[in-house]
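Q: My questions are about this predicted structure, shown below with the sequence.
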There are 2 protein chains.
Amino acid sequence: MCDMYSIDMSLTQALLGLLAVEPASGYELTKEFEGDLGQWAWQAAHPSVYPELVRMAERGLVEVTQEGPRRRKTYAVTAKGREELRAWLQAPWGQGVVRNEQVLRMFLLEALEPEEAATALRDVIEYAERNVSVLREHRARREAVPPDGRDALGQLAAEYGLRQYQAMHDWALWALDHLNRRRTAPST
Amino acid sequence: MCDMYSIDMSLTQALLGLLAVEPASGYELTKEFEGDLGQWAWQAAHPSVYPELVRMAERGLVEVTQEGPRRRKTYAVTAKGREELRAWLQAPWGQGVVRNEQVLRMFLLEALEPEEAATALRDVIEYAERNVSVLREHRARREAVPPDGRDALGQLAAEYGLRQYQAMHDWALWALDHLNRRRTAPST
DNA sequence: GCACGCATGTAACCTGTTACATGATTCT
DNA sequence: AGAATCATGTAACAGGTTACATGCGTGC
């Protein structure tokens, strides 16, 4: 009867958010998921994007504002869509869906033999370092040119990613040390 | 013909990892997902756990080592299962599945009006702070008692979470500042 | 004219979820 | 005796994936 906010279904929100920045076609939206957005927040491929846009149009959250060559349809958020996005973004901050294969691997490292775990941790450290430096360059390049406001979302993501990789690096160093200590000074 | 590592299907790996620490029943494994593991890495509820254990037993990755009261079955990893886990943990470090509703929300904040975004960011900061202090207490409590090696996995998770929330906090402060700067000094 | 990239779609499947269902044991 | 908790399972559905399929436009 009353389904006053039935939270989930984050693909909808992701699309609303992207379209709120600027109107786009399904094709363009799909490509967004291959960048920072997909790397950090939410993954989606075109077979989920196109049907979802159709459903959202039926619900009046978005509308087709242009039809271009090659059947290209440009979608834009409607007032209703913008309202739904706002409600979602301002809803109480809870747990939400989390599913991260990398983090899972980090946790399960404990199940390996100490030397193997150490090797794997050194891989983590190297991986995190590599990503930190990529994102640092990214940032430097961006600072060189005046901000055009278009890739604001990408900037948020890049800064988040930078801090995330630094944290991962930090953690892996701690874990390596922790492991060594357990090995050299076994308890009881 | 040759499906030499067909990576994915992380529930399998999560269960292997948990069972590698110590044998457990489906019921106990399910409860693990309600803790740090589910909060950070991978979520799963009992209707996916039980059938998965049966499939894994069929593939010879785990085996029932005890049957207790109330149909309780205790599973343990086999040598083959341990081998599969090792292979997965040591596989080249790639992207993997990521799906995080919180992070999605943080990215899309940009779509709100500046004042609304600022309010939401202050919520993020408060949320991150709350979690940092919970995890700090957690750590202090753990340091008070001698490590018993049993909750090693939980300790890895807690330390990871701590650094993660600190990074989130950091990022939100940056984003808030970034937002202010854009508002007070609009470009072009 | 042909290859490549833009652009959309559909079908079959995978892997998780929620809701429904059942029964055994322990505690009070 | 009754409630709570342990312990497992099944069915229906949700929301994604990969693989398959098609056709238009542009550049060489």
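A: Thanks, I have the structure now. Numbering: from 1, shown residues only, chains lettered A, B, ... in the order given.

Q: For chain A, which segments count as helices?
A: Ranges of helices within chain A are A:10-21, A:26-32, A:36-40, A:46-58, A:79-90, A:101-108, A:114-144, A:152-184, based on DSSP state H.

Q: want to throw those helices into a markdown table with mean neighbour count and distance to DNA strand D?
A: From N, CA and C alone the C-beta is placed, and that goes for glycine too. Converted to a markdown table, the helices of chain A look like this (neighbours: other CB atoms under 10 Å in any protein chain shown; distance: least, CB to the nearest atom of the strand, whole Å):
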| stretch | mean neighbour count | distance to DNA strand D |
| --- | --- | --- |
| helix A:10-21 | 22 | 3 |
| helix A:26-32 | 17 | 9 |
| helix A:36-40 | 21 | 8 |
| helix A:46-58 | 15 | 3 |
| helix A:79-90 | 17 | 13 |
| helix A:101-108 | 22 | 12 |
| helix A:114-144 | 15 | 21 |
| helix A:152-184 | 19 | 17 |
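
Q: Would you single out the least confident of those?
A: Ranked by mean pLDDT, the helices of chain A end with helix A:36-40 in last place, scoring a mean of 85.

Q: Off-centre distance for that one?
A: What separates the centre of helix A:36-40 from the centre of its chain is 4 Å, taken as CA atoms, centre = their mean, to the nearest Å.

Q: by contact count, what packs against it?
A: Secondary-structure packing of helix A:36-40 (3 or more CB pairs under 8 Å, 6 or more residues apart in numbering or on different chains; DSSP states H and E): helix A:152-184, strand B:98-100, helix B:101-108.

Q: and the second one, is it in reach of DNA strand C?
A: No. Legend: contact between strand B:98-100 and DNA strand C by CB under 7 Å from any atom of the strand is lacking; minimum distance shown is 10.3 Å.

Q: Make TSV out of the helices and strands packed on helix A:36-40 and add distance to B:Ala144.
A: Output for the helices and strands packed on helix A:36-40, formatted as TSV (distance: least, CB to CB, whole Å):
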stretch	distance to B:Ala144
helix A:152-184	17
strand B:98-100	32
helix B:101-108	31
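
Q: Go through the ones you listed and name the closest to A:Ser48.
A: Comparing those against A:Ser48 with CB to CB, the closest turns out to be strand B:98-100 (12.3 Å).

Q: Just the buried residues of that closest one, please?
A: Neighbour counts using 16 or more other CB atoms under 10 Å in any protein chain shown place B:Val98, B:Arg99, B:Asn100 of strand B:98-100 among the buried residues.

Q: wait, isn't the first one in contact with A:Val98?
A: What that stands for is B:Val98. No. Between B:Val98 and A:Val98 there is no contact under CB atoms under 8 Å: 9.3 Å.

Q: Can you name the residues of chain A that neighbour DNA strand C?
A: Residues of chain A that fall close to DNA strand C, judged by CB under 7 Å from any atom of the strand: A:25-28, A:30, A:46-47, A:50-51, A:53-54, A:68-73.

Q: Please see if stretch A:47-66 touches chain B.
A: No. Applying CB under 8 Å from any CB of the partner chain, one finds stretch A:47-66 separated from chain B by no less than 12.3 Å.

Q: How about A:Arg86, nearest residue that isn't a chain neighbour?
A: Counting by CB to CB, 6 or more residues apart in numbering or on different chains, A:Arg86 lies nearest to B:Leu112, which is 6.5 Å off, once chain neighbours are set aside.

Q: how about that neighbour, what does it touch?
A: Contacts for B:Leu112 (CB atoms under 8 Å, 6 or more residues apart in numbering or on different chains) come out as A:Arg86, A:Leu89, A:Gln90, B:Ala120.

Q: let's see 10 Å
A: Counting by CB atoms under 10 Å, 6 or more residues apart in numbering or on different chains, B:Leu112 touches A:Gly17, A:Ala20, A:Arg82, A:Leu85, A:Arg86, A:Leu89, A:Gln90, B:Ala118, B:Thr119, B:Ala120, B:Leu121, B:Leu179.

Q: Pretty sure A:Tyr75 sits against A:Ala20.
A: No. Applying CB atoms under 10 Å, one finds A:Tyr75 not in contact with A:Ala20, separated by 11.2 Å.

Q: Give me the phi and psi for the residue positioned nearest the centre of chain A.
A: The centroid of chain A falls nearest to A:Ala41 when counting by CA atoms, centre = their mean (1.8 Å). Note on A:Ala41: backbone dihedrals following degrees, to the nearest 10 are phi -120, psi -50.

Q: mind checking pLDDT for it?
A: pLDDT at A:Ala41 comes out at 88.

Q: Pull the distance from stretch A:154-163 to the chain's centre.
A: The chain centroid and the centroid of stretch A:154-163 are separated by 10 Å under CA atoms, centre = their mean.

Q: Please apply the same query to stretch A:162-177.
A: With CA atoms, centre = their mean as the basis, the mean position of stretch A:162-177 lies at 19 Å from the chain mean.

Q: again, but for stretch A:125-140
A: 17 Å.

Q: cool, stretch A:40-49 as well?
A: 10 Å.

Q: Domain map for chain A?
A: What automatic domain parsing lists as the domains of chain A is A:10-90, A:101-184.

Q: so how far does the first one reach from one end to the other?
A: Spelled out, that is domain A:10-90. 14 Å (CA to CA, to the nearest Å).

Q: from the chain's centre, how far out does that domain sit?
A: 15 Å.

Q: before we move on, what about stretch A:177-184?
A: In terms of CA atoms, centre = their mean, the centre of stretch A:177-184 is found 33 Å from the chain centre.

Q: mind listing what A:Glu32 touches?
A: Neighbouring residues of A:Glu32 by CB under 10 Å, 6+ apart: A:Ala14, A:Leu15, A:Gly17, A:Leu18, A:Val21, A:Ala24, A:Gly38, A:Ala44, A:Val49, A:Leu153, A:Gly154.
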